[in-house]
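Student: Pasting a predicted model and its sequence here:
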Amino acid sequence: MRPFNHKSCFPWRSGCYFTLLVDGPRFFPRMLDAIREASDFICLEMYLMESGKVAGRFITALVAARQRGVRVFVLLDDFGSHALDQADRRRMTNAGIHLQFFNPFRWQRLYASLPRDHRKLLLVDGELAFVGGAGITDEFQHPTRPALSWRETMVQIEGPVVQDWLDLFSRSWQQASGQPCHLPVVVPAARQEDQLGRVSIAEGRGRQEINRSLIKRSRNAERRIWICTPYFIVSRKLRHTLRRMARAGLDVRVMVPGPISDHPWVRHASRGYYTRLLRQGVRIFEYQPRFLHAKIQLCDNWASIGSSNLDRWNQRWNLDANQEIDDPRFATAIAEMFEADLRHCHEIRYEDWLIRPASQRIREWFWGRCVRLLDVLVRLLQRRHTRRETDGD
C-alpha cells in the first residue's frame, strides 16, 4: 500500500533501516552498547524507570558517558518513575546528567496531574534510536526468574527518521523543563536498505495520530489486520472497524494478555468486547506464559510499534509515540514474530465463549461498569477544571 498523506506532525522518510528486537535480553544489551559508544549526546525519555538491576546498569552506563564528556539528558515521567529511589537520582545529578521529571504528580491538583509522558525513547548522537514499549525496570529482564520477564518488543532505528525523534524529544524536554536542551541539528545519512518510516504521535486531548493511522490503515487493508496490545480497552470506532473488516473476509487477529497481567481487572473489562468481535469473525488470542506488554499493529505491509496501548486512557491523557514502517521486509519480520507468539496463545472460540461460566460473565460486567464509571468521573473532573478556568478569567 502507498503511504497515506493525511495531516501529521512528521513526514514519511525514505532511506531508513529498522531492526526488530524481541525481549529484554536482546534489546537492553543493544541499548547499553549504544550508550557506551556515544560520543556527543544521549537522550533518554521513559515512563517507567524503577531502581533495580536493569536501572543500575543503565545509570552506570549513563554516568560513564557523562564522565567522558557526553551530554546526557534524562526525561522521566514523575508518576512512572516514583519507584526510582533518591540514591539513583543523586547518582545521575551528581555526575552532571540533566535529569528532568514530567508533570510532577500532586493529589491536590489531581486533574492537572492526569497527563503523563508515556513515551519510551533512547536516542544516541542523533544517529541511532530505540523505540518501543519497554521501561527501565527489572520486569523486562527479571534477574532471578527470567521466565517471568514481560514479553516486549523494541525497534532499533537508523536513517533520516531519527531526526524526527530528536525533534520530538526536544519538544518534550522544553515542555517539561521550560528550557531548550540546545541539541545540534543532525541529519543522518540515508541507509541503503531504504525502508520507509514515519514518527506518529499522540498528545492526550490534542493530536491523536496513532489511533487515526491504525483506523485508516485498517479500513484500507486488503489481507490482514493484526493487533497486539496489553490493554484492550479500545475505542468504539476501532472495534467497529475490526468487526467490519472481519465480515469483509480479512484476517483480523487480536493478541492480548492471558491469565498473567499487571492489571487483571483490565483483562476482565476488555473481555466484555469479545462476544461481538468473535461473532463477526475477529480471532482473539490470549498469551499464556507471561505478561504480554508489547504494542504492535500490522496492516498488510504497514506496521506501527511504540508506546501506545490504544486504550481510552492513553488516548485521553498520555503523550505517546510510535514508529510507523511501510516495508514488506519488515512486515514479514513482524508477521513471523506474531506467529511465533501465537504458538504460546490460547485462541478464544466463539462457541466456547458462549458457554463460559457465570462467574466470568459477572467479572466482565462488573469491571466493564467500573471502566465506564471511571470515564464519567474523569469527565466530571474535566468539567470542574473547565469551570474553574472560566471563573478565573
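Tutor: Yep, that arrived. All values derive from a computational prediction rather than experimental measurement.
Student: Any chance you could list what contacts stretch 83-97?
Tutor: The contact list for stretch 83-97 (CB atoms under 8 Å, 6 or more residues apart in numbering) reads 49-51, 55-56, 59, 62-63, 66-67, 72-74, 76, 99, 137. For glycine as for every other residue, the C-beta is placed from the backbone atoms N, C-alpha and C.
Student: among those residues, which are in helices?
Tutor: 55-56, 59, 62-63, 66-67 (DSSP state H).
Student: And the helices in the stretch 1-150 of the chain?
Tutor: 24-36, 53-67, 86-94, 110-113 (DSSP state H, counting those that start in this stretch).
Student: nope, the stretch 201-350 of the chain is what I meant
Tutor: With DSSP H, counting those that start in this stretch as the criterion, the stretch 201-350 of the chain has helices spanning 209-219, 236-247, 264-271, 274-279, 312-317, 328-342, 350-353.
Student: Tell me how many other residues surround residue 343.
Tutor: Using other CB atoms under 10 Å, residue 343 is surrounded by 6 other residues.
Student: ok, of the ones in helices among the contacts of stretch 83-97, which come out buried?
Tutor: With neighbours counted by 16 or more other CB atoms under 10 Å, the ones in helices among the contacts of stretch 83-97 contain buried members at 55, 59, 62-63, 66.
Student: one step back: now the helices of the stretch 1-150 of the chain as a markdown table including distance to residue 208 and mean pLDDT?
Tutor: Listed next are those as a markdown table, based on distance: least, CB to CB, whole Å; pLDDT from 0 to 100:
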| stretch | distance to residue 208 | mean pLDDT |
| --- | --- | --- |
| helix 24-36 | 27 | 98 |
| helix 53-67 | 31 | 98 |
| helix 86-94 | 33 | 97 |
| helix 110-113 | 20 | 76 |
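Student: Have a look at the protein and report the helix or strand with the lowest mean pLDDT.
Tutor: helix 312-317 (a mean of 74; mean pLDDT, DSSP states H and E).
Student: Domain map for the chain?
Tutor: Domains of the chain are assigned by automatic domain parsing as 13-193, 199-367.
Student: Can you say which of those is nearest to residue 384?
Tutor: With CB to CB, the closest approach to residue 384 among the domains of the chain belongs to domain 13-193: 7.3 Å.
Student: The closest residue to residue 203 other than its chain neighbours: what's it in contact with?
Tutor: In this structure, residue 203 finds its nearest non-sequential neighbour in residue 319, 5.9 Å apart by CB to CB, 6 or more residues apart in numbering. Residue 319 is in contact with 102, 115-119, 172, 201-204, counting by CB under 8 Å, 6+ apart.
Student: so which of these comes closest to residue 193?
Tutor: For these, the nearest to residue 193 is residue 201 (24.3 Å; CB to CB).
Student: ok, the closest one - contacts?
Tutor: 9-10, 168, 207, 209-210, 319-322 are the contacts of residue 201 under CB under 8 Å, 6+ apart.
Student: Looking at pLDDT only, which of these scores worst?
Tutor: Among the contacts of residue 201, residue 207 carries the weakest pLDDT, at 77.
Student: Residue 316: neighbour count?
Tutor: Count around residue 316 with other CB under 10 Å applied: 17.
Student: likewise residue 11?
Tutor: The burial count assigned to residue 11 is 12, neighbours taken as other CB under 10 Å.
Student: How about it: what's its closest non-neighbour residue?
Tutor: Leaving aside its sequence neighbours, residue 11 sits nearest to residue 198 (CB to CB, 6+ apart; 6.7 Å).
Student: Now that neighbour. Its backbone dihedrals?
Tutor: Taking degrees, to the nearest 10, you get phi -150, psi 140 for the backbone angles of residue 198.
Student: Test my guess that residue 347 contacts residue 285.
Tutor: Yes: contact criterion CB atoms under 8 Å: residue 347 and residue 285 qualify, at 5.2 Å.
Student: higher neighbour count, those two?
Tutor: For residue 347 versus residue 285, neighbours defined as other CB under 10 Å are more numerous around residue 285 (21 against 12).
Student: Which strands and helices lie in contact with the longest helix anywhere in the chain?
Tutor: In the chain, with assignment by DSSP H, the single longest helix is helix 358-392. Contacts defined by 3 or more CB pairs under 8 Å, 6 or more residues apart in numbering; DSSP states H and E place helix 358-392 against helix 110-113, helix 264-271, helix 312-317.
Student: Recalculate using a threshold of 6 Å.
Tutor: With contacts taken as 3 or more CB pairs under 6 Å, 6 or more residues apart in numbering; DSSP states H and E, helix 358-392 sits against helix 264-271.
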